[in-house]
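# Got a predicted structure here, sequence first:
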Amino acid sequence: MREEVKHPLQCTPACRRGFLRSVASATIAGLAGPSLLMTSAHADALTHAQRDSMTPEQIIALMKQGNERFRRGERKDRNYLREQKASAKGQYPAAVLLSCIDSRAPAEVIMDLGIGDIFNCRIAGNIENDDILGSMEFACKLMGAKVVLVMGHTSCGAIKGAIANAELGHLTGLLARIKPAVDATQYDGERTATNYAFVDKVARKNVELTIAQIRRDSAVLSEMESQHGIKIAGAMYNLSTGAVEFFGS
């Protein structure tokens, strides 16, 4: 909406390009299965064995490292054509993200992800609804994704619209789903859409409430999380600094 993981371990020279290509070999840090530091002789897309070898915490760590690369301007060169061809007959994404439609907050770019690495649901204000929940349940229960990440961002236009009680066609109903976050945000200063400090606090609260709603409304995801099959976490992307702050992870 307009308005304003190199893995934690050291990579070897055989590092291949991209997000989940930066996991060290299977014998390091308890990562079972084949290495994701693949050479050009291997397929570029994430494989079933590679995805299943990682824990949710390790996947989140890789996202963090990817964002650090992005902020340093050190994103890996990648061959999208090889990624496309390698993933054409099957996909094994590690996570499903719920993020905003804002053109300045593309998850794959700001966390250095490639084709086949994640599922990404995008909707203004990164809100939860039945269709989003169905998509997440498909991603996790049927396709094996291990992380559900809800990511908001600073200076979010949907948040501003909810604060200002904006009304416009179907947007009115969408913004109504954000208003509980406005009411639940504790803030002593000016509670207006022009006060970006307040806007950003509401955006974070909106992520927190959305996570709670996902757990409440999806018995499938809630059960998977309780059995440690997946992890549901939140994040906030700062448009000014390029940093993604992860929480609940």
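Cool, the structure landed.
# Do I have it right that T154 meets M236?
Yes: taking contacts as C-beta atoms under 8 Å, T154 lies within contact range of M236: 7.1 Å. Using the backbone N, CA and C atoms, a C-beta is placed for each residue, glycine as well.
# would you list every one of the strands in the protein?
Counting by DSSP state E, the segments of the chain that form strands are 95-99, 118-122, 147-153, 231-237, 244-247.
# Can you check which residues contact both of T154 and M236?
By C-beta atoms under 8 Å, 6 or more residues apart in numbering, T154 and M236 have these common neighbours: 200, 203.
# what's the spacing between T210 and A184?
Between T210 and A184 the computed distance is 12 Å (C-beta to C-beta, to the nearest Å).
# what about the two, which has more around it?
More crowded of T210 and A184, by other C-beta atoms under 10 Å: T210, with 23 against 12.
# quick one: contacts for that one?
98, 126-128, 150, 234.
# list the buried ones in the helix or strand bottoming out on mean pLDDT in the chain?
Among the helices and strands of the chain, helix 80-87 carries the lowest confidence by mean pLDDT, DSSP states H and E, at a mean of 90. For helix 80-87, burial by neighbour count (16 or more other C-beta atoms under 10 Å) applies to 82-83, 86-87.
# shaky segments in this structure?
Applying pLDDT under 70 to the chain flags residues 1-43, 249.
# What segments of it are helices?
Per DSSP state H, the chain carries helices over the ranges 48-52, 56-72, 80-87, 107-110, 130-137, 157-163, 171-176, 179-184, 196-217, 219-226.
# Please identify the most buried of these.
helix 157-163 (a mean of 26; mean count of other C-beta atoms under 10 Å).
# residues making contact with that one?
Contacting residues not belonging to helix 157-163 are listed as 1-4, 100, 102, 124-125, 127, 152, 166, 171, 174-176, 178-179, 181-182, 191-193, 198-199, 202-203, 206 [C-beta under 8 Å, 6+ apart].
# can you check stretch 122-139 too?
Contacts for stretch 122-139 (C-beta under 8 Å, 6+ apart): 1, 93, 96, 98-101, 119, 121, 145, 148, 150-152, 156-159, 162, 171, 174-175, 177-178, 206-207, 210, 213-214, 217-218, 220-221.
# mind checking the backbone torsions on G90?
Main-chain dihedrals, G90, degrees, to the nearest 10: phi 180, psi 150.
# for it, what are its contacts?
Taking C-beta under 8 Å, 6+ apart, we find G90 in contact with H48.
# how much space is there between it and A45?
8 Å.
# OK, contacts around the most centrally placed residue in the chain?
Taking C-alpha atoms, centre = their mean as the criterion, L97 is the residue nearest the geometric centre of the chain, at 3.8 Å. By C-beta under 8 Å, 6+ apart, L97 lies in contact with 107, 118-121, 149-151.
# swap the cut-off to 6 Å and go again
107, 118, 120, 149, 151 (C-beta atoms under 6 Å, 6 or more residues apart in numbering).
# Pick the one among the residues you listed closest to G229.
Nearest to G229, judged by C-beta to C-beta, of the contacts of L97 is L149 at 15.3 Å.
# Neighbours of G125, how many?
Using other C-beta under 10 Å, G125 is surrounded by 25 other residues.
# For I115, see how far away G73 is.
From G73 across to I115, the span is 22 Å (C-beta to C-beta).
# Of the two, which one has the most company?
I115 (24 against 7).
# Might you report the residue contacts of the closest residue to that one other than its chain neighbours?
Nearest residue to I115, sequence neighbours excluded (C-beta to C-beta, 6 or more residues apart in numbering): E83, at 3.8 Å. The contact partners of E83, by C-beta under 6 Å, 6+ apart, come to 44-45, 114-115.
# could you redo the last one with a cut-off of 8 Å?
Residues counted as contacts of E83 (C-beta under 8 Å, 6+ apart) are 18, 44-45, 114-116.
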